[in-house]
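Enquirer: Just the structure for this:
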Amino acid sequence: MDLNLHSPERRLIELKIEHADLNALVDITARATPVDELMLRRLKKRRLHLRDQISQLESLLDPPEPA
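Expert: Prediction:
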């Protein structure tokens, strides 16, 4: 059972959920008055980092087919 909790597939799902949560938080923060520019930059940087992790994990789980 521990293998399922730490599988790459599960990690990918968790990263996608966190990325979606950050998307919502970025939207809320961007609409706030006054806009906290520092927080917004940090959230966007974290979101970009998550997107990179998701891409790496997806390419690991689904490698390109040889030509």
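Enquirer: ok, Arg11 - contacts?
Expert: Leu57 (CB atoms under 8 Å, 6 or more residues apart in numbering). Where C-beta positions appear, they are placed from N, C-alpha and C, glycine not excepted.
Enquirer: Can you list phi and psi of Gln64 for me?
Expert: Small correction: residue 64 is Pro, not Gln. Backbone geometry at Pro64, expressed as degrees, to the nearest 10, gives phi -60, psi 150.
Enquirer: mind listing what it touches?
Expert: Neighbour list for Pro64: empty [criterion: CB under 8 Å, 6+ apart].
Enquirer: distance of it from Glu58?
Expert: Going from Pro64 to Glu58 by CB to CB, to the nearest Å gives 11 Å.
Enquirer: Without its sequence neighbours, what residue ends up closest to Lys44?
Expert: Val26 (6.1 Å; CB to CB, 6 or more residues apart in numbering).
Enquirer: In the protein, what residue spans correspond to helices?
Expert: Remark: helices assigned in the chain by DSSP state H are 2-5, 8-31, 37-61.
Enquirer: Lowest average pLDDT across those?
Expert: Mean pLDDT is lowest for helix 2-5 out of these, coming in at a mean of 66.
Enquirer: number of nearby residues for the spatially closest residue to Leu43 that is not a sequence neighbour?
Expert: Among residues not flanking Leu43 along the chain, Val26 sits closest, at 5.0 Å (CB to CB, 6+ apart). For Val26, the number of neighbouring residues by other CB atoms under 10 Å comes to 16.
Enquirer: correct me, but Val26 touches Leu40?
Expert: Yes. Val26 lies in contact with Leu40 (CB atoms under 8 Å); the separation is 6.8 Å.
Enquirer: need the contact list for the residue nearest to Lys44.
Expert: Applying CB under 8 Å, 6+ apart to Val26 gives the contacts Leu40, Leu43, Lys44, Arg47.
Enquirer: any idea how far Asp52 is from Ser59?
Expert: 11 Å.
Enquirer: Also Val26?
Expert: From Val26 across to Asp52, the span is 16 Å (CB to CB).
Enquirer: can you check Ile17 too?
Expert: Relative to Asp52, and taking CB to CB, Ile17 is found at 16 Å.
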